[in-house]
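Student: what's the 3D shape of this:
(chains A and B)
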Protein chains: 2
Amino acid sequence: MPQSADVNRQIVLNERPQGRLTDNTLRLATTDVPVAGPDQMLVRTVYMSLDPYMRGRMNDAKSYAEPVAIGGVMTAQVVGQVVTSNLAGYEVGDYVLNMSGWQDYAVSDGAEVINLGKDPQNSSWALGILGMPGYTAYAGLLKIGEPKPGETVVVAAAAGPVGATVGQIAKLKGCRVVGIAGGAEKCAHIVDTLGFDACIDHKAPDFAGQLAEACPDGIDVYFENVGGKVLYAVLPLLNPFARMPVCGIVAWYNLPGLPEGPDMAPAIMGTLLRMKVKMQGFIIFDSFPPSVYQEFRKDMMGWIEDGSIKYKEHMVDGLENAPDAFVQLLDGGNFGKMVVNVGA
Amino acid sequence: MPQSADVNRQIVLNERPQGRLTDNTLRLATTDVPVAGPDQMLVRTVYMSLDPYMRGRMNDAKSYAEPVAIGGVMTAQVVGQVVTSNLAGYEVGDYVLNMSGWQDYAVSDGAEVINLGKDPQNSSWALGILGMPGYTAYAGLLKIGEPKPGETVVVAAAAGPVGATVGQIAKLKGCRVVGIAGGAEKCAHIVDTLGFDACIDHKAPDFAGQLAEACPDGIDVYFENVGGKVLYAVLPLLNPFARMPVCGIVAWYNLPGLPEGPDMAPAIMGTLLRMKVKMQGFIIFDSFPPSVYQEFRKDMMGWIEDGSIKYKEHMVDGLENAPDAFVQLLDGGNFGKMVVNVGA
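Tutor: Below you'll find the predicted structure:
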């Protein structure tokens, strides 16, 4: 069932997953296409973003955002097109960035919407390099990581939209940059196309040894996207006064509970203490002042225009395929920013 | 064998401890009293400081300082008195602050020595409230913790010289302050004498529940001195944008290896991420610019003079009793700043 003007397909949370997602976690539902009231507009989803943070919204845990309710539409940012508008500043045909969720249509009063205009180039990039992942990479690296020329920056999940951008910005800042990714194909892309100095395959049996070899001067900045064994391989290599922006721990998102031991907490805390490390978690929506966003837009537009930043999308066709694609994303099976073509 | 002019008693590292200290870890040795050469002075130990960081020096691990060699004299800061001097600026009878180590006599060329003058009041305080522990508390709390009036500050090891000072400074800054200590006597002192709002006994069976009750508005600053179960009780209470100066993890210093599971790392890293927490390890010697030390001296002298900061020492008599006292310190058996009276 493709997108149509007559029905609104939704992917809703059917039950909270205990660990990995199952076929029962999400389900497809259909409703009538909603109608825009006064001072509202109706937005049709064109591209939908899939991001690891969505896994957290499936849990009923204290966090920075409300969990998705059982039966509720999953959260997502989308690039959409205005179908009907009773809202000043938005015309039929305008492309917009909106938190529509995993569905074909959403009504909006304009809150947190960005108007991309009638004919944006690469409109889906607003979900990636020019949007949340790009801004996350920029602010986390530069404002928390504070890399200095000549320092060694290590980036986990380096083939993902955040990691790939972190590494490229670090190269622009004069750092030695080592990526970590899953598989030879991703690693080749990271070195050959993105220009990292090295990339280590975390699936290699001697991963920790290879990482140490690639960082002969230790690690000054570790951009944390994954946690787990990657973090444990990084810890012994951290230099005095190293900085760790903590952006994600995707290796642990599917955990139903705490994993078996040994308890690595003393290793983490001991390294922090002995090496005087700063670790800081951040959420792009509220960890930085608006001025940082303005810096980001200006710098990133310039870097994309002059070709110094490369960007890769992993496009999936069809809203109905979003659940499988999301499972693939959590398993590291994506290669580039995962975007669902819902109605392009 | 008390201190004498004829022999230099030393406590040396006999073997590296695997876990807890044993009777074989340290041993008493004697040497001749050293002789001051040109541009040197001979310092007789009066008071010697015992601090948890010394446990780390017994390990042969990558750290911020060189480990003590097998057969080497254990590291310690002391208040000493000049016995002979060929060094400009130091006269016989002057009291000095010096890194003499666990021994009766040491020769110094004046490096890293502070001259306390002929008749300092409470000279041993230079090892505590006016020295390294006091400065550690001040800089860690104010420069990393950045407490704001009305916020909740939780301090581990609150009866120790660092923790007691952290809490009193936080009170002066207008915070709600909750201490954590071992036993009813310490907790009573912390509330009644030091003026904390509450103190929770970490030996209580429902410690975590009591801590949560004492922090109805969550925790904004957690000053980490201990790690272990205290850290695990704090994690779920941390507020968004909480700050954690990491000063010590004494609960884990005696670990021979990583403890059994579950692995708490996902809980630590997940809290950091969701709550946007900053954790920062620091070492007082090199984590702050000299201007912070000047601020500390000025503020602390003022607070002591006007009575707004209280200070308690746990005095142990005799160098020969230092090893047992150090074991007691690591077990939390001290009540106040532990100082050994070597030759007062």
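Student: what's the neighbour count on the closest residue in space to residue A:18 that isn't next to it in sequence?
Tutor: Closest residue to residue A:18 apart from its sequence neighbours, by CB to CB, 6 or more residues apart in numbering or on different chains: residue A:256 at 4.6 Å. To be clear about C-beta, it is placed using only N, CA and C from the backbone, and glycine gets the same treatment. Residue A:256: 9 surrounding residues under other CB atoms under 10 Å in any protein chain shown.
Student: and residue A:256, what helix or strand is that in?
Tutor: Under the criterion DSSP states H and E, no helix or strand holds residue A:256.
Student: hmm, residue A:19 and it touching each other?
Tutor: Yes. Taking contacts as CB atoms under 8 Å, residue A:256 lies within contact range of residue A:19: 3.7 Å.
Student: got a pLDDT number for the residue of chain A found nearest chain B?
Tutor: Among the residues of chain A, residue A:261 lies nearest to chain B; the distance is 2.0 Å by CB to the nearest CB. What the model reports as pLDDT for residue A:261 is 87.
Student: shouldn't it be in contact with residue B:262?
Tutor: Yes. With contact defined as CB under 8 Å, residue A:261 reaches residue B:262; the gap is 5.9 Å.
Student: how many other residues sit next to the residue of chain A closest to chain B?
Tutor: Neighbours around residue A:261, by other CB under 10 Å: 13.
Student: care to break chain A down by domain?
Tutor: A:8-128+A:312-341, A:132-281 (automatic domain parsing).
Student: the nearest residue to residue A:248 once chain neighbours are set aside: neighbouring residues, count only.
Tutor: What sits nearest to residue A:248 in space, not counting adjacent residues and going by CB to CB, 6+ apart, is residue A:225, at 4.5 Å. For residue A:225, the tally of surrounding residues (other CB under 10 Å) stands at 27.
Student: against residue A:141, how distant is residue A:225?
Tutor: Residue A:225 sits 12 Å away from residue A:141, going by CB to CB, to the nearest Å.
Student: contact residues of the stretch 201-344 of chain A facing chain B?
Tutor: Contact residues (CB under 8 Å from any CB of the partner chain) of the stretch 201-344 of chain A with chain B: A:224, A:227, A:231, A:236, A:240, A:246-249, A:252, A:255, A:257-283, A:286-287.
Student: filter those residues down to the buried ones.
Tutor: A:224, A:227, A:231, A:240, A:246-249, A:252, A:255, A:259, A:263-283, A:287 (16 or more other CB atoms under 10 Å in any protein chain shown).
Student: next step: those residues restricted to helices.
Tutor: If you go by DSSP state H, these have A:231, A:265-274 in helices.
Student: can you map out the helices along the stretch 51-200 of chain A?
Tutor: A:53-57, A:132-139, A:161-172, A:184-192 (DSSP state H, counting those that start in this stretch).
Student: got the angle for the last one vs helix A:161-172?
Tutor: I take that to be helix A:184-192. Per axes from the mean of the first three to the mean of the last three CA atoms, to 10 degrees, the angle that helix A:184-192 makes with helix A:161-172 is 30 degrees.
Student: which other helices and strands contact helix A:184-192?
Tutor: Applying 3 or more CB pairs under 8 Å, 6 or more residues apart in numbering or on different chains; DSSP states H and E, one finds that helix A:184-192 contacts strand A:176-181, strand A:198-201.
Student: quick check: which of those strands is buried the most?
Tutor: Sort the helices and strands packed on helix A:184-192 by mean neighbour count, taking mean count of other CB atoms under 10 Å in any protein chain shown, and strand A:176-181 sits at the top with a mean of 28.
Student: quick one: work out the angle between it and helix A:161-172.
Tutor: Using the same axes, to 10 degrees: strand A:176-181 against helix A:161-172 is 160 degrees.
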